[in-house]
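1. Return a 3D structure for these sequence lines:
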Amino acid sequence: MKAAFWRFAHQHYQSRTPLLLVDVAAFTWFAFFALIYGAALLAGWSPDFIDVLVGLLLVGGPLLVGVLHRRIRIEAAKAPDALSRKRLLTSR
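-> Presented below is the predicted three-dimensional model:
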């Protein structure tokens, strides 16, 4: 799984830098929906199964994307060829 992740990162970001705006957008989306769902739960709302799945997708999806994109951005900032080195290191 790590090898596939770093292969994806290398293929998509070898010629361009990862944008900080993607991280900010993902974490803002996460914070907004976490606040909305948290306030609804505190107000006494009891979700059914479908509401829980939608909530997990709206809260967990952007958080996962933001964290993974942040890892790519931090690794890419180390050196110009850091993503290719990381791809080779994890493919062994």
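
2. For the rest of this, base every contact and every neighbour count on C-alpha atoms.
-> Fine.

3. So for this structure, the centremost residue is which one?
-> With distances taken as C-alpha atoms, centre = their mean, Val65 lies nearest the centre of the chain, 1.7 Å away.

4. Tell me who's in contact with that residue.
-> Ala26 (C-alpha atoms under 8 Å, 6 or more residues apart in numbering).

5. Return the distance of the helix or strand containing it from the chain's centre.
-> Assigned by DSSP states H and E, Val65 falls within helix 49-76. When C-alpha coordinates are averaged (C-alpha atoms, centre = their mean, to the nearest Å), helix 49-76 and its chain have centres 5 Å apart.

6. what mean pLDDT does it have?
-> Average pLDDT, helix 49-76: 93.

7. residues of it that come out buried?
-> Residues 55, 58-60, 62-63, 65-66, 69-70, 72-73, 75-76 are the ones in helix 49-76 that count as buried (16 or more other C-alpha atoms under 10 Å).

8. Also compute the angle for the one helix or strand Phe27 maps to relative to helix 49-76, please.
-> Assessed by DSSP H and E, Phe27 sits inside helix 20-42. Interaxial angle, helix 20-42 versus helix 49-76 (axes from the mean of the first three to the mean of the last three C-alpha atoms, to 10 degrees): 150 degrees.
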